[in-house]
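Enquirer: Quick one, fold the following:
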Amino acid sequence: MKRIGIMGGTFDPVHNGHLLLGRQARSEYGLDEIWYMPSHIPPHKKDHRITDGKDRLAMLELALEGIPFFSVSDFEMKREGNTYTAQTLELLKEEYPEDKFYFIIGADSLFQLETWYHPEKVMELTSLLVSGREYDRAGRTLDQQISHLKSVYGAHIQVLHNPEMNVASARIRDMAARGEDIGELVPGAVAAYIREHRLYQESR
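Expert: Model (predicted):
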């Protein structure tokens, strides 16, 4: 049985914070592999145009090159329509029945989890590894939210004690649109890809 961490998201673009979180999850909880799984059409991302999947996959491949035990998965990208985490986890369970999956998320996602499609299935099918930082817009602390989800859903949640990084994909898109240097926020090969393909220029 493999212990596999799933990092989901749009990765538009992938940044150093994503890599830090994956490394922390693997080292802190002894995971065998980390799969970075970009979503095809995320139902909750309506505030901006999502970059084409081939570009997001290419950037992930560049970012993960040479990192042992890290890989890119196109499991969601191959599906049509909206991609919901609950459905993805059900399909993974069918295809890899012997493996145990850990879903790696940020604190913001943990507080929004009950608004997801069938959150009870998400918490039934996987263990959650959550980045250990508070979420300013929540009415309760991280510990209180974890206790709530455990009580209501029987969720299995563990905290990741990673250093906090003040980096977000939206900020990187804005910086790239203005022609600013993003080299400290993303792997060098990803920064080069964004420049060469003129990604995010239309957002100016």
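Enquirer: Could you list every helix and strand that the lowest-mean-pLDDT helix or strand in the chain packs against?
Expert: Using mean pLDDT, DSSP states H and E, helix 107-112 stands out as the lowest-scoring helix or strand of the chain, at a mean of 92. Applying 3 or more CB pairs under 8 Å, 6 or more residues apart in numbering; DSSP states H and E, we find helix 107-112 packed against strand 127-131, helix 142-153. For glycine as for every other residue, the C-beta is placed from the backbone atoms N, C-alpha and C.
Enquirer: Pull out the buried positions in the helix or strand following that helix.
Expert: Note on helix 107-112: by DSSP states H and E, the next helix or strand toward the C-terminus is helix 119-125. Buried residues in helix 119-125, counted by 16 or more other CB atoms under 10 Å: 119, 121-125.
Enquirer: just checking, residue 25 touches residue 102?
Expert: Yes. With contact defined as CB atoms under 8 Å, residue 25 counts as touching residue 102 (6.9 Å).
Enquirer: Between those two, which has more neighbouring residues?
Expert: Set side by side, residue 25 and residue 102 show more neighbours around residue 25, with 24 against 20, by other CB atoms under 10 Å.
Enquirer: Any buried residues in the strand or helix carrying that one, and which?
Expert: Element membership for residue 25, per DSSP H and E: helix 16-29. Neighbour counts using 16+ other CB under 10 Å place 16-22, 24-26 of helix 16-29 among the buried residues.
Enquirer: Between residue 25 and residue 102, which contacts overlap?
Expert: Counting by CB atoms under 8 Å, 6 or more residues apart in numbering, the common neighbours of residue 25 and residue 102 are 5, 31, 129.
Enquirer: What residues are bridge-paired with the first one?
Expert: Counting by DSSP bridges, residue 5 is bridged to residue 34, residue 102.
Enquirer: Count the neighbours of it for me.
Expert: If you count neighbours by other CB under 10 Å, residue 5 ends up with 25.
Enquirer: which residues does it contact?
Expert: 22, 25-26, 29, 31, 33-35, 101-104, 129.
Enquirer: Pipe these into CSV and attach pLDDT per row.
Expert: Compiled in CSV, the contacts of residue 5 are given as follows (pLDDT from 0 to 100):
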residue, pLDDT
22, 96
25, 97
26, 97
29, 97
31, 98
33, 98
34, 98
35, 98
101, 98
102, 98
103, 98
104, 97
129, 98
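Enquirer: Let me have the residues you listed in JSON lines, adding distance to residue 194 as columns.
Expert: Output for the contacts of residue 5, formatted as JSON lines (distance: CB to CB, whole Å):
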{"residue": "22", "distance to residue 194": "20"}
{"residue": "25", "distance to residue 194": "26"}
{"residue": "26", "distance to residue 194": "26"}
{"residue": "29", "distance to residue 194": "32"}
{"residue": "31", "distance to residue 194": "29"}
{"residue": "33", "distance to residue 194": "27"}
{"residue": "34", "distance to residue 194": "23"}
{"residue": "35", "distance to residue 194": "23"}
{"residue": "101", "distance to residue 194": "30"}
{"residue": "102", "distance to residue 194": "30"}
{"residue": "103", "distance to residue 194": "27"}
{"residue": "104", "distance to residue 194": "24"}
{"residue": "129", "distance to residue 194": "28"}
